[in-house]
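Asker: Just the structure for this:
(chains A, B and C)
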Amino acid sequence: MKKKLGVFICWCGSNIASSVDVDKAVAEAEKLDGVVHAENYMYMCSDPGQQLVKDTIAEKGLEGVVVACCSPRMHENTFRKAAGSVGLNSYLLEIANIREQCSWVHQNNKPLATAKAVSIIEGTLDKVKENLPLETITIDITKRNCVVGGGIAGIMAALDLANAGYDVAIIEKEPAIGGHMSQIGQTFPYFHNVPELLQKKIDEVNAHPRIKVYLNSEVEVLDGYVGNFNVTIRTKPAFVDPDKCSACGKCLEVCPVSVADEFNRGLSQRGAIFRYNQTEGARIPVLEQRDCLHFVDVEEAEMDAGAGVRCRACVEACPENAIDLGAIRTLSEEFVGAIVMATGYDLYSPAKMPEYGAGKIPDVIDALAFERLLDPKGPTGGQVLRPSDGKVPKNVVFIQCVGSRDPERHKAYCSRACCMYTAKQARLYRQQVAEGTAYISYMDIRSDSRDFEEFVQAGMEEENLVYIRGRVAKVIQENGFLKVFTSDTLTSRQLEIEADLVVLAMAMEPKAGTRELAKKMNVTIDGDAFLSETHIKLYPVESSTKGVYLAGCGQSPKDITDTVSQALATAGKIQLMFSNETLIADPLIAEVKNDICSGCGICIDICPYGARLMNDFTRISDVNQAVCQGCGACIAACPNKACELINSTSRQFIRMIGDFAGKAEAV
Amino acid sequence: MGETFSYYPGCTSHSTAIEYIEASKAVIEALGIELKELPDWCCCGAASAHNLSSSLALGLSAFNVGEAHKEGKDLVIPCAGCYGNLAQADYVMRYDEAERQRLEKQMGFKFDTEVKMLSLVDLLAREELRPAIKNLVKKPLKGLKVVCYYGCAIVRPAAITGVDNSENPLRIDTMMADLGAEVIDWSCKVDCCGGDLGLTDAEKTTELVNKIVDYAVAAEADCLVTSCALCEANVDIRQQRLPILYFTELMAEAFQIGDRQRWWKKHFNDPSGLF
Amino acid sequence: MAENLLQKVVAESGQPIDLCYQCRKCSVGCPMVEEFDFPPNMVMRMVQLGMKDELLKSKAIWMCISCETCGSRCPNEIRIAPVMDSLRAQCLEEGIAPADPVTVALHSAFIESIKTFGRVHEATMLMNYKWKSKNFTSDLDVGIKLFLKGKIPLMPKKSENMAKIKEIFQEAGK
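Answerer: This is a model prediction of the structure:
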């Protein structure tokens, strides 16, 4: 049975027509096997262009159509819809890309470009000849969400989704939500009070009947697919029962352990049982197993010499009997339709910059540590005091781009927020220490958002920040001072600045464990392990896995404003998805020929989406239609050629290649 | 019109800018405006005072501004350099309370915000004078191609001079067009002629002047028109290609008043062939 | 770093030098920049960094002819001419030999003329300048030409109020 085929060649203005002879292409197409109609038009995607396609399909009773135009990414959907509207099954229409893959790349040779365009059209026609009419696949949606990460991105996404009427589970690794934002005192460019802003949002989360927060928790396993995910959550024991604990703090006093407090970036010490931070939500202490003497592997000899029993000081001190050292980790499950990855960042370790002396010189600290110095509830009560001797520093050198924009040795990218938070920190320091001087070593000042440039300029004008263009070579300690060696590249002079405190604006990098988590979630990452979006311009919050969305610094470094914008965008995207009762998926997926499949399972390992599953009864590898993205990996891997991609079968492809190779030879 | 203004001649009024002053006085008289020379005035300090001591510059200029405030009338200052200095002193006293009080005390006057410093262009390019000027034109400057050269002192800084546009001022252009001249737009309206450099570095001044004249010649101008005595001197002495005239000289020519033949002789590049 | 230089220049010139962010528009438009040892943007930077010695010894501060082109184009409205005035005054105050003595000779002759007459008398001023600069040949033609055009009067005119002028000079420490 021979299909009646139509060919529609678009000029794309002069984009195609200037290098492909569209009249000649029509004449050639008319000669091709099965073609009953061929014509060209200036803009086929325009309304009259689409009408032309529709009218011709109806008039001539076309059974297969090739539109030769731009990339199918642009207008495949447009023309398939048009064909569908006049009763031609959408999947019997194909796009022949003669713009990106022909006219644009062959601008100086019209005869050859025209010949190539005709071969592309011929190959596509051959594909259409064997295309089957298909129906779209529908998938049910579980209208619940999971948000991984309880920083400001996770909080904002969760609140929007919950307020829209959908249940949300927040999975937070730490003992409290709030993320890095809870370490920060004030924001740029308006010096907003962060604890006030953030606490309000944290309170909303905690009070919301639709939000459940899993603290001390991480994703253990992710199963399922868009609309129907099954998230297994692993929760570390906190050892303190929040229902019994009265937050009296007696356990904190008796704990014999003293380790650096991570929340305060090592500027203070804490016990193994401690309050994670100063927010209301963290009033109930938590016990960190890896620091606690009770859990330390004690050598037998020491056991003999010592008391013979492991430390239980906190348990004994607790008047409420709220501490249970026997608590174990728990696993929970959440069934959700969509997931927001708001996993956040870590600061790149200053220890990786030995030339600046961090870790060795106590008065060289990172930017988050400086934030802790500015926090009224922080280790110094909000006073900027240098860690070594508690004195007020008179000269502070802030160094920007530490680890950032250093492609060969550290990170190639710009961490985006540092220029602005450094200006903010320097301004706050100068507002507090009137007689102090703040030097800022910079490469460029990137202040590219509303009121940012003005904020930096005001710092120069009002707080007399001294900006020095140049990268600091090294920082050394000498006679109780720090000596900062740098140069002012604007005057080409070497400078040595005597400083009391050096603050490093470290690069932001994805939160530790992002790489492993991304693997669990089937989300692709870039070379720096940031979670990758599908398209930086048009699909900026969509991950490579449908139904999994990205927000915040896990995707790329950004400030709070951009983080929140992105978080709200994910919530909007998910609400859009939930506005339908079912999801529609393309049927262009893998298909198994049951009589050929030997059940070897190679396809199961190779599938990047987890769409192939062994059927325990038939011992044949099934395709999960909702999960399969039609990438073709299993088809290439199958040793028996038991899989085919629907409407892109091996036979179709071999014929297309044959058409093209044959034509190329002729030219 | 019967308007009366105070008048600050400046040192060049009886020397290098003598033809400018004579022409300006003739034009002003024809327009029915009365100028009353300040009973007492001294040198504004020119560029030299501020080059060596800002406070001396401010003191000398403030003294003269003070004299004007004693008279209570707007002060007309034909010399662009003097105007720049006095306007700067006026600006300081207008916006710096402490300095104003100090200088008021020293010079013995009361600063009156109504009293303004006016360049000759400020005085003569006023919109309300345009009909009177057009009326006085007896012999329009038909066919005379002019480029207007404003220089620095009556233009910059704009906050002090109140110029219409510091990169492309138009007030002299408009006046020349009203006289019937063909005004050519060109690129060096506000370029520097070198100023005092004329006395210390002949070579550099010639370089700067040549650039200006190159552009004027390329624009096919018959002459340059200026309101600054220093610009006139530098441009006139350092080249032999193009006459340079004061804008009031051309006004007098159009009005057919004053001893114009005497003024033309004061120029190094004789402009008499233009008329 | 000698911060007092920055503070002093800001106070004397009234210019917000802190705000200079090195766009270089000043230097690009400067008619004299080729004669400068440090272009104007660099002078701003050196003031910010307190590089006093080099600045006060520089030719740049004397080569600026106060045309104010830079100031009128500066995106931060910094007028460089008054900054140069302040640096020149400091150079003289500190007894540093100016990098361009000829310019200083001219200006000194000029203000001496004011000090004597209250106004400038070109003939005596020019003679004094030539004497001070020990430079008798260059530019003498300008004076002669002007004289021949009748533009240099022989007799000086004196101001009426020399006492006040003496006072102004005293106040300014000159």
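Asker: residues near the closest residue to B:Ala229 other than its chain neighbours, how many?
Answerer: Spatial nearest neighbour of B:Ala229, chain neighbours left out: B:Ala17 (3.6 Å); criterion: C-beta to C-beta, 6 or more residues apart in numbering or on different chains. Every residue, glycine included, has its C-beta placed from N, CA and C. Residue neighbour count, defined by other C-beta atoms under 10 Å in any protein chain shown, stands at 26 for B:Ala17.
Asker: What number of residues are in the vicinity of A:Met420?
Answerer: The number of residues near A:Met420, taken as other C-beta under 10 Å, comes to 22.
Asker: B:Ser54 and C:Leu87 touch, don't they?
Answerer: No: in this structure, B:Ser54 is not within contact of C:Leu87 by C-beta atoms under 8 Å, at 10.8 Å.
Asker: The two: which is more packed in?
Answerer: Per other C-beta under 10 Å, whichever of B:Ser54 and C:Leu87 has more neighbours is C:Leu87, with 25 against 21.
Asker: Tell me the secondary structure at the more buried one.
Answerer: Recorded secondary structure, C:Leu87: helix (DSSP: H, G, I helix; E, B strand; the rest coil).
Asker: does it really touch C:Val9, like I thought?
Answerer: Yes: using C-beta under 8 Å, C:Leu87 is in contact with C:Val9, at 6.7 Å.
Asker: what about the helices in chain B?
Answerer: B:18-30, B:46-52, B:54-71, B:80-95, B:97-107, B:120-124, B:130-136, B:158-161, B:171-178, B:197-200, B:202-218, B:229-237, B:247-255, B:260-266 (DSSP state H).
Asker: could those helices be laid out in JSON lines, adding distance to A:Asn163?
Answerer: JSON lines is the format used below for these (distance: least, C-beta to C-beta, whole Å):
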{"stretch": "helix B:18-30", "distance to A:Asn163": "76"}
{"stretch": "helix B:46-52", "distance to A:Asn163": "66"}
{"stretch": "helix B:54-71", "distance to A:Asn163": "64"}
{"stretch": "helix B:80-95", "distance to A:Asn163": "54"}
{"stretch": "helix B:97-107", "distance to A:Asn163": "56"}
{"stretch": "helix B:120-124", "distance to A:Asn163": "64"}
{"stretch": "helix B:130-136", "distance to A:Asn163": "67"}
{"stretch": "helix B:158-161", "distance to A:Asn163": "52"}
{"stretch": "helix B:171-178", "distance to A:Asn163": "63"}
{"stretch": "helix B:197-200", "distance to A:Asn163": "72"}
{"stretch": "helix B:202-218", "distance to A:Asn163": "67"}
{"stretch": "helix B:229-237", "distance to A:Asn163": "71"}
{"stretch": "helix B:247-255", "distance to A:Asn163": "72"}
{"stretch": "helix B:260-266", "distance to A:Asn163": "84"}
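Asker: For these, which has the smallest mean pLDDT value?
Answerer: Ranked by mean pLDDT, those end with helix B:197-200 at the bottom, a mean of 89.
Asker: returning to that earlier point: ok, which of the helices of chain B comes nearest C:Val47?
Answerer: Evaluated with C-beta to C-beta, these place helix B:54-71 nearest to C:Val47, the distance being 15.5 Å.
Asker: Please export the C-alpha coordinates of the closest one as PDB.
Answerer: Extracted in PDB, the C-alpha atoms of helix B:54-71 (Å, rounded to 0.1, in the frame of the first residue of the first chain):
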ATOM      1  CA  SER B  54      42.500  78.000  45.200                       C
ATOM      2  CA  SER B  55      41.800  80.300  48.100                       C
ATOM      3  CA  LEU B  56      43.400  83.300  46.300                       C
ATOM      4  CA  ALA B  57      41.300  82.500  43.200                       C
ATOM      5  CA  LEU B  58      38.100  82.300  45.300                       C
ATOM      6  CA  GLY B  59      39.100  85.500  47.200                       C
ATOM      7  CA  LEU B  60      39.700  87.600  44.100                       C
ATOM      8  CA  SER B  61      36.600  86.500  42.300                       C
ATOM      9  CA  ALA B  62      34.400  86.700  45.400                       C
ATOM     10  CA  PHE B  63      35.600  90.300  45.900                       C
ATOM     11  CA  ASN B  64      34.200  91.200  42.400                       C
ATOM     12  CA  VAL B  65      31.000  89.200  43.000                       C
ATOM     13  CA  GLY B  66      30.600  91.100  46.200                       C
ATOM     14  CA  GLU B  67      30.900  94.400  44.400                       C
ATOM     15  CA  ALA B  68      28.100  93.400  42.100                       C
ATOM     16  CA  HIS B  69      25.900  92.400  45.100                       C
ATOM     17  CA  LYS B  70      26.500  95.800  46.500                       C
ATOM     18  CA  GLU B  71      25.100  97.300  43.300                       C
END
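Asker: what about that helix and chain C, any contact?
Answerer: Yes: Helix B:54-71 is in contact with chain C by C-beta under 8 Å from any C-beta of the partner chain, via B:Ser54, B:Ser55, B:Leu56, B:Ala57, B:Gly59, B:Leu60, B:Phe63.
Asker: what sits against the residue nearest to the first one when sequence neighbours are not counted?
Answerer: So that's B:Ser54. Closest residue to B:Ser54 apart from its sequence neighbours, by C-beta to C-beta, 6+ apart: C:Asp85 at 4.9 Å. Residues near C:Asp85 by C-beta atoms under 8 Å, 6 or more residues apart in numbering or on different chains: B:His50, B:Asn51, B:Ser54, B:Ala57, C:Glu12, C:Ser13, C:Ser66.
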